[in-house]
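J.: Structure for this input, please:
(one chain, ligands or ions: 3)
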Amino acid sequence: MTEELNLVDCTRCTNWDEKERYFKACPHCHNTKKVIAPETVLCNMCGGPQRPLGTHNEQYSHGLEKASVEGGYDSYHLFDCTEYTFSFCEKCLRELFTKCKIPPSVSCRLDDIENPTDYARDLVEYEYRLWKDNGGHHQAYLDRKCNFVKDCLNRAEYTQLISNDFTENCCCEEHKELWGYGNSKLTKFIPNVLKPFL
Ligand SMILES: [Zn+2]
Ligand SMILES: [Zn+2]
Ligand SMILES: [Zn+2]
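T.: Residues are numbered from 1 along each chain as shown. Ligands and ions are numbered 1, 2, ... in the order given. Got it, this is the predicted structure:
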């Protein structure tokens with residue numbers, strides 16, 4: 001029995017005219033103008049959505065989607081001539097990576113060559129992101145603690161301005177060197193109570 005696929009309009013090629021379509025195929029829908037509904041693409045591990053639903057990128061594949069592996073003659077844990085197909089979402093991949101005895105090698109296209117990243121540093125940044133999204137960063141600001149580094153116990157001495165606008169990013173003396181980029185600058189710490197007067 002074939003499953004009935006839930007299809008939606010392809011967003012990648014909506015603006016293509018017929019001439020364009022004649023010369024090239026949309027890599028998402030192969031010019032059928034329809035793609036699989038993103039909410040139906042599920043992770044085998046957690047059963048949750050594989051895609052960042054509700055974003056502009058929900059029609060692009062994320063994580064390991066429809067990956068497959070096949071056993072060979074001397075395979076033990078998988079069977080010979082048998083193909084296994086599965087999807088793992090990014091969250092589950094992160095959990096797998098973190099369990100690895102030998103961490104995955106990491107390279108980031110945004111890194112400078114002098115200071116390449118590795119999995120340990122990548123994980124620190126991921127944990128910082130979670131901490132920030134779970135309110136730790138905001139709470140640190142309210143408590144006047146440095147929030148450039150997760151759980152830094154030092155008192156915040158500076159507030160970061162981006163294009164002269166106030167942010168809740170604040171840092172201690174020790175971590176202030178880490179702030180220097182583009183249109184950001186440090187000013188004396190601005191506590192929550194003073195914010196309305198800015
Ligand atoms: Zn398309
Ligand atoms: Zn998952
Ligand atoms: Zn600090």
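
J.: quick one: what helix or strand has residue 159 in it?
T.: According to DSSP states H and E, residue 159 maps onto strand 158-162.

J.: Could you do residue 68 as well?
T.: Counting by DSSP H and E, residue 68 is found in strand 64-70.

J.: Could you check how far the strand holding residue 159 is from the centre of its chain?
T.: Centroid separation between strand 158-162 and its chain, computed with CA atoms, centre = their mean, to the nearest Å, is 25 Å.

J.: Ok, stretch 169-176 next?
T.: Taking CA atoms, centre = their mean, the mean C-alpha location of stretch 169-176 is offset from the chain mean by 25 Å.

J.: mean confidence for the strand holding residue 159?
T.: When pLDDT is averaged over strand 158-162, the result is 93.

J.: Domains in this structure, by residue range?
T.: 7-91, 135-197 (automatic domain parsing).

J.: who wins for proximity to ligand 3 among the ones you listed?
T.: domain 135-197 (3.1 Å; CB to the ion). All C-beta spots, glycine's among them, are computed from the backbone N, C-alpha and C.

J.: still on that earlier bit, buried residues in the strand holding residue 159?
T.: Under the neighbour-count criterion of 16 or more other CB atoms under 10 Å, strand 158-162 has 158, 159, 160, 161 buried.

J.: Specify which member of the residues you listed is nearest to ligand 1.
T.: Checking the buried residues of strand 158-162 one by one against ligand 1 (CB to the ion), the nearest turns out to be residue 160, at 41.3 Å.

J.: which of the domains of the chain has the lowest average pLDDT?
T.: domain 135-197 (a mean of 89).

J.: Can you confirm whether it lies near ligand 3?
T.: Yes - using CB under 5 Å from the ion, domain 135-197 comes into contact with ligand 3 via 146, 152, 154, 172, 175.

J.: Any chance of a ChimeraX selection covering the buried ones in those residues?
T.: In ChimeraX, a selection of the buried entries from those looks like this (16+ other CB under 10 Å):
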select :146,152,172,175
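
J.: got JSON lines for the residues of domain 135-197 next to ligand 3, with secondary structure too?
T.: Rendered in JSON lines, the data for these read as follows (DSSP: H, G, I helix; E, B strand; the rest coil):
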{"residue": "146", "secondary structure": "coil"}
{"residue": "152", "secondary structure": "coil"}
{"residue": "154", "secondary structure": "coil"}
{"residue": "172", "secondary structure": "coil"}
{"residue": "175", "secondary structure": "coil"}
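
J.: how about the most far-flung residue of the chain relative to its centre, what does it touch?
T.: What lies farthest from the middle of the chain is residue 73; by CA atoms, centre = their mean that is 38.1 Å. Neighbour list for residue 73: residue 80 [criterion: CB atoms under 8 Å, 6 or more residues apart in numbering].

J.: Quick one: the strands in this structure, in order.
T.: In the chain, the strands defined using DSSP state E lie at 7-9, 34-36, 64-70, 83-88, 158-162, 165-171, 184-188.
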